[in-house]
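J.: pasting the sequence and the predicted coordinates here, then a few questions.
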There are 2 protein chains.
Amino acid sequence: MPLTAALRRVTAEPVRAPHPLPGFARSTVDGYAVRAADTYGASEGLPGYLTVTGAVRMGAAPDVTVTAGSAVSMPTGGAIPPGADAVVMIEYTAEAMPGTIEVVRPVAPGEGVVRADEDAAEGQQIIPNGCVLRPQDLAMLAAAGVTTVTVHARPVVTIFSTGDEVVPPDTQVLSPGQVRDATASALAALVADAGGEPVQGGIVSDDPGALERALRAALPASDVIVISAGSSVGTRDETANAVATLGPPGVWCHGLAIKPGKPTLLAECGAGPDRAGLDGPAGTGAPGVPVIGLPGNPRSALVVFRLIGMPLIRLVGGCAAPPPEPSTRATLSRDLASATGRLDVVQVKVSGGVATPLFGASALLSVLTEADGYIVIPEEATGLDAGTEVEVTLYA
Amino acid sequence: MPLTAALRRVTAEPVRAPHPLPGFARSTVDGYAVRAADTYGASEGLPGYLTVTGAVRMGAAPDVTVTAGSAVSMPTGGAIPPGADAVVMIEYTAEAMPGTIEVVRPVAPGEGVVRADEDAAEGQQIIPNGCVLRPQDLAMLAAAGVTTVTVHARPVVTIFSTGDEVVPPDTQVLSPGQVRDATASALAALVADAGGEPVQGGIVSDDPGALERALRAALPASDVIVISAGSSVGTRDETANAVATLGPPGVWCHGLAIKPGKPTLLAECGAGPDRAGLDGPAGTGAPGVPVIGLPGNPRSALVVFRLIGMPLIRLVGGCAAPPPEPSTRATLSRDLASATGRLDVVQVKVSGGVATPLFGASALLSVLTEADGYIVIPEEATGLDAGTEVEVTLYA
C-alpha cells in the first residue's frame, strides 16, 4: 500500500530502518560547531575565542573540518562537520571581531547534536507487526524512505438483514407494519471503523430457504458474515437453522447473557480444505468464516456488534491491539438495577461529570442517537448506586 | 451526500423526521395484543380467559380488531391491532383450549407497546446541525427514510514543506545533509482525521520568491494553508515574510509559549471582496484563509498541529463540538520540570496505570512513534511531581 493510503491500515510485517536515521549527525540549534574541549571554562567574565573557518549550509555536505581553536557556523538541522563534537547555541556567542567569536558558556561533547543513528539504527524495527498505522508512524516511514508498506487486506464483512417487515431505507411510503432497514447502514459504518470492508448483502425474506441460499453464496467471498435477524422468536430460529446448514464447525452459542442483545448467535461456518488460499492450524485446513447473528432490534444489534463484532473484525484484520477508545469517568445520576450473571449495557448522556442513563424500549433508536456513550454493568453486579463513579465509553 | 458516504461528515443543517417514527404502534415482545382492562386481577391462581380472534403477521397491517374478551397473537415488532392497548408476553399466557388462552399476569395500558411517535414525532429534530455523523446517526436517518444528507464540504487544506535540506520521501539515496519530508505525510493524515481534505503542495525551496509564489497560487483554492517551515532562524523569517505579502489581515502571531512548537506562526491572508462566493460578517467581504506556519522539526510540527491545526480545521469544517479523544488517567513515573508561562507537551508511554515520559531532541520522530499519548503541563505550573495523577491523551 502506498504511504498516502496507509493511514489506519494494519501492518502485516515489522518494518525496519533500511539505514541509520537521520543518517548524519545534525545540529539541534542555530550556533557554531566546535570541539567541546575548546569551550571548557568559558564564562561571561572570561570568554573563549574561536576562529570561524566556515559555514554549513542546509541540505549540503560540510566542506570544512573543525580543528582546535576553530568554529563553523551551523543552522538547526545542518550536518555536523568533521572534527566537531558539539554545537554551542548562537545565544551564548558574540562576534568579537570579523572572523572571530567569543563563547561565554561551555558545552559538553554531544550537546546540541543528534547522532546519525539516534532516531533509528540500521535494521532497527521502526514499526511493529500488527500495528494500526497512526499519523506519526507515516512520518517515521517517510523519513526512512519506506513509501510502500505491507498491510493486511481489509476483512470483507457481508451484512444481511432479515425480516418480512424490513424494507430498504429509500422506501418513501411505508405500508402499515413495515420498517426501514436502519441496522445495515450503521453496521457498515461500524465495520469501516473496525478496519473492515462492508459489503451490503441486502434484505433477505424470512423464507428459510432464501437465507440459506444467500449465506451460501456469500460464504466464499466473506471473511465475516453479519446477519441482523428478525426479532420475533420464529425468525430468530430461522437464522440459526440457516446458519447450521453452512457446514462445520457450526453454531458456537445462541443466546448471550447480555442486555440488550440476548438473542445473539455466534457461529463459524464453512471450515475445511476447500477454501482456496487459506490455512488454519496445521492439518485442520482452512478456518471457517465467523458468523454473527444479531438481534432484530436496531439498538440491540448495534450494542452487541460494538462489543463483539468490532473486536472480531479487528482480530481478523490482523490488529494486534485494538486502538484506544474515548472514555471519561463520571458520577452516576441515579440507581441502576441489573440482574446478576448478566452484563448490562446502559446508554448515558454525560454533562458536567454526571452520567444520566437513558431508558426506552430496545426498539428505540433515539436512545442511541441521544447518548454520548455507554456504561457496562458487569455480570457479577446486582446494580449500581447513584453517585457511583463509572467509566463511560464515549461515541466518537 | 448519500447516507452510505456520510460517516463522520458534518451536517450543515438540522434533520427533522419527515413522519412519526416508527410510524405505527409496535409490540416490543412476542405475545398477545389485548385490552389491558381484560387482564386486571389475573394471577396464577385465578387466570383470565381470552378468545384468540386472529394473528398479526410481521410487516403486514393487522386485519382484526381487539374487542372486550379477545386477544390477537403478536410477534415482536408487529403492528398493534385496533382496540388493543397493551401486549401480554407469551411467557404469561398458556393455551387453555384451542382458540382460548389463559392470562396469569395483568398488564397496564401501554405495556409491551412502543407508541407510533415514540422514537420521533413528525417534524422533530433527529440530527442537529454541525453534528459529526456517527454510526447510530446513520441508523436513525435510514429509519426515517432520509437517504441523502446536507453536509459541509471538507475544508481543503494545502500542505507545503520548505527547507533546502528537505527531499521527497521516495528519494532512495540521500546526499549528506539531506532529510526526507516526514512531516507532510503525517500532516495529511491529521488533516483527514480532522475532517479535512489534504492537498500536497510539495516542497518549496528556501528562495523567498518561490514560497510567496506557491502560497499565492494556492490561496484561491485553499480553506486552510499549512507550511512546515525550515527550522533554522533564517528560514523561519522567510516564511513570515512570504505570508506577510499575501494580503490582510496578515500575521496574528509569530511564536507561541509552547514546547515543543515555539516558532509557530499564525496568520490570516487574502481577506477582502474578491474571493468568489465567500462572505464574512456583513460589510467585511470574504474572510481570509487561515495560514499556519509550523516548526521545521517534524515532531514539533505534529505536536503543534494536533493542538492548534486540527481544532481549526474542525471549526472551518462546520463542526460544532469536536468528537471526544481517547484518554486515560495515569500516575507520573518521575518529576517533570516546566517553565511557568509556557505550555509543555510531553510524550509518554503508558503501562499498568503509569505514564513514563519519553525524552529526546525535538528532531527525533522515534519519540512520537514510541509514545502511547501525551500529557500537557499547563502554563501556570512549574512542573509536575512524580506520583501526580495526569490525564494522558492517547493516540488512536
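T.: Arrived safely, thanks for sending. Note that the coordinates shown come from a computational prediction; the quantities given were computed from them, not determined experimentally.

J.: switch to C-alpha atoms for all contacts and neighbour counts from now on
T.: Will do.

J.: show me where chain A has its helices.
T.: Counting by DSSP state H, chain A has these helices, from start to end: A:135-143, A:183-193, A:208-218, A:233-244, A:298-304, A:310-316, A:366-370.

J.: which of these sits most buried?
T.: A comparison of the helices of chain A by mean neighbour count, using mean count of other Cα atoms under 10 Å in any protein chain shown, puts helix A:135-143 on top with a mean of 27.

J.: what does that helix contact?
T.: Residues from elsewhere that reach helix A:135-143, judged by Cα atoms under 8 Å, 6 or more residues apart in numbering or on different chains: A:3, A:6-7, A:21-22, A:126-127, A:147, B:169-170, B:179-187, B:189-190, B:298, B:302, B:365-366, B:368-369.

J.: try 6 Å
T.: By Cα atoms under 6 Å, 6 or more residues apart in numbering or on different chains, the surrounding residues in contact with helix A:135-143 are B:169, B:180, B:182, B:183, B:185, B:186, B:189, B:369.

J.: those also near chain A: which ones?
T.: The residues of the contacts of helix A:135-143 that also fall near chain A, by Cα under 6 Å from any Cα of the partner chain, are B:169, B:180, B:182, B:183, B:185, B:186, B:189, B:369.

J.: surely the fourth one meets residue B:299?
T.: So that's residue B:183. No. Under the criterion of Cα atoms under 6 Å, residue B:183 is not in contact with residue B:299, lying 8.1 Å apart.

J.: residue ranges with poor pLDDT in the stretch 251-396 of chain A?
T.: For the stretch 251-396 of chain A, applying pLDDT under 70 flags the ranges A:272-285.

J.: let me know which of the helices of chain A is the nearest to residue B:158.
T.: helix A:135-143 (16.8 Å; Cα to Cα).

J.: please state the offset of the closest one from the chain centre?
T.: 15 Å (Cα atoms, centre = their mean, to the nearest Å).

J.: could you pull out the strands for the stretch 1-150 of chain A?
T.: Assigned by DSSP state E, counting those that start in this stretch, the stretch 1-150 of chain A shows strands spanning A:15-16, A:26-27, A:31-34, A:48-55, A:70-74, A:86-89, A:93-97, A:100-103, A:113-114, A:125-127.

J.: need those strands in a markdown table with distance to chain B, can you?
T.: Output for the strands of the stretch 1-150 of chain A, formatted as a markdown table (distance: least, Cα to the nearest Cα, whole Å):
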| stretch | distance to chain B |
| --- | --- |
| strand A:15-16 | 13 |
| strand A:26-27 | 8 |
| strand A:31-34 | 10 |
| strand A:48-55 | 13 |
| strand A:70-74 | 9 |
| strand A:86-89 | 12 |
| strand A:93-97 | 15 |
| strand A:100-103 | 19 |
| strand A:113-114 | 7 |
| strand A:125-127 | 8 |
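
J.: of those, flag the one that's most buried.
T.: Ranked by mean neighbours (mean count of other Cα under 10 Å), the strands of the stretch 1-150 of chain A are led by strand A:31-34, with a mean of 29.

J.: show me what that strand is packed up against.
T.: On a contact count with 3 or more Cα pairs under 6 Å, 6 or more residues apart in numbering or on different chains; DSSP states H and E, strand A:31-34 meets strand A:70-74, strand A:86-89.

J.: partner strands of the last one, parallel or antiparallel?
T.: Each strand pairing with strand A:86-89, determined using DSSP bridges, is listed with its direction: strand A:31-34 (antiparallel).

J.: check the first one too.
T.: Using DSSP bridges, the neighbouring strands of strand A:70-74 in the sheet come out as strand A:31-34 (antiparallel), strand A:48-55 (parallel).

J.: need those strands in JSON lines (columns: mean pLDDT).
T.: Shown next, in JSON lines, are the strands paired with strand A:70-74 (pLDDT from 0 to 100):
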{"stretch": "strand A:31-34", "mean pLDDT": "98"}
{"stretch": "strand A:48-55", "mean pLDDT": "97"}
